[in-house]
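Colleague: the following block contains a protein sequence and its predicted model.
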Amino acid sequence: MSEMRETVRAHYAAAAVAAGGGGCCGPESTLYPAAQREELPAEAVAASLGCGNPVAVAELREGERVLDLGSGGGIDVLLSASRVGPTGKAYGLDMTDEMLALALSNADKAGATNVEFLKGDIEAIPLPGNTIDVVISNCVINLSVDKPAVFAETFRVLRPGGRIGISDVVADDHLTPAERAERGSYVGCIAGALTFAEYREGLRAAGFTDVEITPTFEAAEGMHSAIVRATKPVAVVSQARQDGRRCCTT
């Protein structure tokens, strides 16, 4: 584990023990409507540490399988689980034992039976390929030290036609890495943020289409909380092609 990854892990482990204390863009609970907050245990709401409400933009449907990257205390997993219903499933992936313990406790209090929390890194998702309908994430990808790997892994686990609905911090294109670092720390979701152009290019390089990045509010000067949407094409060249057979999954 790199030094920066360990710094991030330790920061959010402490946040889990404290069961809250504000997200990377300030206290996040106000980003969720009161009706959504009332669905959940108070501990899940208190531990929300993101910069948006990805469930609100993911357009989840009954029976879908959803994966939340960096699921923290589980707020977005629990909200997703209620929307996909008993025939669907919501997975949460987190690298922090303390957050996973908190999420499991919150799921138990909520009585959620269609959820599963996994320990692992978002750069190496512990799920088979082509199995997830929707990937969501709440202000976590900017914390990764290997964002191309995150995009590639997200693309891999999505089924053809699957989509992403992500909240993240994104920088204006003119800001250099040094200028981003001047505006905030890495664990504070600022220094590690991609620019709008870098984000689009990273998603397209992984194979995504229909990439849309919509800023919602300014987190720091030239740094924006944003909604990121993209789609995995329905026809994707499969692994079989590498074996000399032209084949596609549809």
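Modeller: Ah, there it is. Numbers count the residues shown, from 1 in each chain.

Colleague: C-alpha from now on. contacts and neighbour counts both.
Modeller: Fine.

Colleague: who's in contact with the nearest residue to residue 222 once chain neighbours are set aside?
Modeller: Spatial nearest neighbour of residue 222, chain neighbours left out: residue 172 (5.4 Å); criterion: CA to CA, 6 or more residues apart in numbering. Listed by CA atoms under 8 Å, 6 or more residues apart in numbering, the contact set of residue 172 reads 195, 196, 222, 223, 224.

Colleague: buried ones in the longest strand belonging to the chain, by neighbour count?
Modeller: When the chain is parsed with DSSP state E, its longest strand is strand 158-171. Buried residues in strand 158-171, counted by 16 or more other CA atoms under 10 Å: 158-160, 162-171.

Colleague: dump those into a markdown table; add pLDDT and distance to residue 70 as well.
Modeller: Below are the buried residues of strand 158-171 laid out as a markdown table (pLDDT from 0 to 100; distance: CA to CA, whole Å):
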| residue | pLDDT | distance to residue 70 |
| --- | --- | --- |
| 158 | 98 | 16 |
| 159 | 98 | 20 |
| 160 | 97 | 23 |
| 162 | 98 | 19 |
| 163 | 97 | 17 |
| 164 | 97 | 14 |
| 165 | 95 | 14 |
| 166 | 94 | 11 |
| 167 | 91 | 12 |
| 168 | 93 | 12 |
| 169 | 94 | 14 |
| 170 | 96 | 17 |
| 171 | 96 | 20 |
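
Colleague: could you say what helices and strands the helix or strand residue 217 falls within packs with?
Modeller: Assigned by DSSP states H and E, residue 217 falls within strand 209-220. Strand 209-220 sits against helix 196-206, strand 223-231, with contacts defined as 3 or more CA pairs under 8 Å, 6 or more residues apart in numbering; DSSP states H and E.

Colleague: now the last one: mean pLDDT?
Modeller: Strand 223-231 shows a mean pLDDT of 95 in the predicted model.

Colleague: and the first one, by the same measure?
Modeller: Taken as a whole, helix 196-206 has a mean pLDDT of 98.

Colleague: now it - C-alpha only, PDB.
Modeller: Provided in PDB are the C-alpha atoms of helix 196-206 (Å, rounded to 0.1, in the frame of the first residue of the first chain):
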ATOM      1  CA  PHE A 196     -12.800  18.100 -16.500                       C
ATOM      2  CA  ALA A 197     -10.700  17.200 -19.500                       C
ATOM      3  CA  GLU A 198      -8.600  14.600 -17.600                       C
ATOM      4  CA  TYR A 199     -11.800  13.000 -16.300                       C
ATOM      5  CA  ARG A 200     -13.400  12.700 -19.700                       C
ATOM      6  CA  GLU A 201     -10.200  11.400 -21.300                       C
ATOM      7  CA  GLY A 202      -9.800   8.800 -18.500                       C
ATOM      8  CA  LEU A 203     -13.300   7.500 -18.900                       C
ATOM      9  CA  ARG A 204     -13.100   7.400 -22.700                       C
ATOM     10  CA  ALA A 205      -9.700   5.600 -22.600                       C
ATOM     11  CA  ALA A 206     -11.300   2.900 -20.500                       C
END
